[in-house]
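# Dropping the sequence and predicted coords here.
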Amino acid sequence: MSGLCLALGAAIAVLGADMAELRWTHSVQKTEWRETWRATPGGLQLELAAVQGSGAGMEPGDGATLENGFWIWRPQRPAQPELILTRSGYTGSDWQICIKGNCRAVGSYFPGSAPDQNMILKPCP
């Protein structure tokens, strides 16, 4: 099975894992959202989602439980071929990719990238 890669144009960073947690701050609510994604033969599978609150399109999913300040649930969605990580200066922070508890801003994978350059998370070729 392939692992996860992060792409910026033709540049690719191999993340060295088949599962990662994405974290970001909602631009309106200013609360954190987290999703755990796994690379599978069918694409990226969303395993778990968590949000610190609700409002502005951030309602917890069906069956969510409150744990340590986050509403956590297991979304039932088909695998995705890739995720476009839209970057914006309005959130005050970059996307974070966490692998085995170690988190990094996506921009750190491509030094010199502009804060508004979108990146793509996908299974490695």
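Great, that's in hand.
# thinking residue 73 is in contact with residue 67, fair?
No: using CB atoms under 8 Å, residue 73 is not in contact with residue 67; the gap is 10.4 Å. C-beta coordinates here come from the backbone N, C-alpha and C atoms, glycine included.
# In terms of neighbours, single out the busier of those two.
Neighbour totals were compared for residue 73 and residue 67, and residue 73 leads with 16 against 9 (other CB atoms under 10 Å).
# how long is stretch 103-118 end to end?
Terminal residues of stretch 103-118 are spaced 18 Å apart (CA to CA, to the nearest Å).
# Give me the residues contacting it.
If you take CB atoms under 8 Å, 6 or more residues apart in numbering as the criterion, stretch 103-118 is touched by 6, 8, 11, 13, 21, 23, 84-89, 93-98, 119.
# mind redoing it with 6 Å?
The contact list for stretch 103-118 (CB atoms under 6 Å, 6 or more residues apart in numbering) reads 6, 8, 13, 84-87, 89, 94-97, 119.
# and the most centrally placed residue in the chain, what does it touch?
When CA atoms, centre = their mean is applied to the chain, the residue found nearest the centroid is residue 22 (2.7 Å). Listed by CB under 6 Å, 6+ apart, the contact set of residue 22 reads residue 35.
# beta partners of it?
Here residue 22 shows beta-bridge partners residue 35, residue 97, assigned using DSSP bridges.
# gap between it and residue 15?
The gap separating residue 22 from residue 15 is 11 Å, by CB to CB, to the nearest Å.
# in this protein, which ranges drop under the pLDDT threshold?
Along the chain, segments meeting pLDDT under 70 span 1, 26-29, 54-58, 89-92.
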